[in-house]
Structure formats: structure tokens, C-alpha cells
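Asks: what's the 3D shape of this:
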Amino acid sequence: MIERKVKIELAQGLAARPAAEFVKRSSVYTCSVQIGKNGQFIDAKSILGVMSMAFSHGEEIVVRVDGKDEEAAIESLTELLSNPNL
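Replies: Here you go, the predicted model:
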């Protein structure tokens with residue numbers, strides 16, 4: 001299992017379009033992917049879960065991955081969250 005703290009640089013945070021892109025990218029990997037804040041984690045492959053957490057610009061969250069392709073997943077997902085141009 002890999003955990004990484006990342007600051008959300010997306011201008012809109014994880015609003016509808018960026019959240020959909022995050023879920024789409026998370027779903028490509030076979031490993032489990034969770035994101036959370038304040039000790040509360042959700043399945044990052046669920047659009048409803050991601051939207052319900054209301055992650056906003058500038059917020060620091062934790063990305064947690066576990067499985068055989070976890071290295072690739074953590075790199076791809078943290079890169080997406082750190083991209084202010086999405």
C-alpha cells in the first residue's frame with residue numbers, strides 16, 4: 001500500500017468535470033484507490049463518493065492505493081490533482 005499527501009491545484013477543486021476525470025483515471029487501474037481528508041476515505045472509483053467529499057482548490061488530501069499497479073496509479077493520480085490547467 002502507498003499513501004501520498006497531495007495539495008489539490010485544480011482551479012475548480014474536484015468539481016464535476018475534474019471529478020469525472022479523476023474517477024475515469026482511477027478506474028483504469030486494478031488496484032484499489034481511495035482518497036480522503038480528516039481521516040475519512042472514500043472509493044475513488046465512485047463518482048458519487050468523490051463528489052460527496054467536496055474537495056476544493058488548495059486543500060491537502062491523501063491518496064491511498066493498494067494493488068499490483070499501485071506505483072503507476074499513484075503517479076498518475078497525484079499528477080492530475082497537481083495540474084492547475086485541467
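Asks: any idea of the pLDDT on Asn85?
Replies: With respect to pLDDT, Asn85 scores 80.
Asks: How about Phe41?
Replies: Phe41 is given a pLDDT of 97.
Asks: is it in a bridge, and if so with what?
Replies: Applying DSSP bridges to Phe41 gives these bridge partners: Gly36.
Asks: What is the burial count for it?
Replies: Burial of Phe41 is recorded as 16 neighbouring residues (other C-beta atoms under 10 Å). To be clear about C-beta, it is placed using only N, CA and C from the backbone, and glycine gets the same treatment.
Asks: Surely it and Gln34 touch.
Replies: Yes. Here Phe41 reaches Gln34: they are 4.4 Å apart, a contact under C-beta atoms under 8 Å.
Asks: list the residues that contact both of these two?
Replies: Taking C-beta atoms under 8 Å, 6 or more residues apart in numbering as the criterion, Phe41 and Gln34 both touch Arg64.
Asks: Only alpha carbons, please: show stretch 39-47 as PDB.
Replies: Output in PDB follows, covering the C-alpha atoms of stretch 39-47 (Å, rounded to 0.1, in the frame of the first residue of the first chain):
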ATOM      1  CA  GLY A  39      -9.400  10.500   8.400                       C
ATOM      2  CA  GLN A  40     -12.400   9.900   6.200                       C
ATOM      3  CA  PHE A  41     -11.700   7.900   3.000                       C
ATOM      4  CA  ILE A  42     -13.900   7.000   0.000                       C
ATOM      5  CA  ASP A  43     -13.500   4.800  -3.000                       C
ATOM      6  CA  ALA A  44     -12.000   7.000  -5.700                       C
ATOM      7  CA  LYS A  45     -13.700   4.900  -8.400                       C
ATOM      8  CA  SER A  46     -17.100   6.100  -7.300                       C
ATOM      9  CA  ILE A  47     -18.200   9.500  -8.800                       C
END
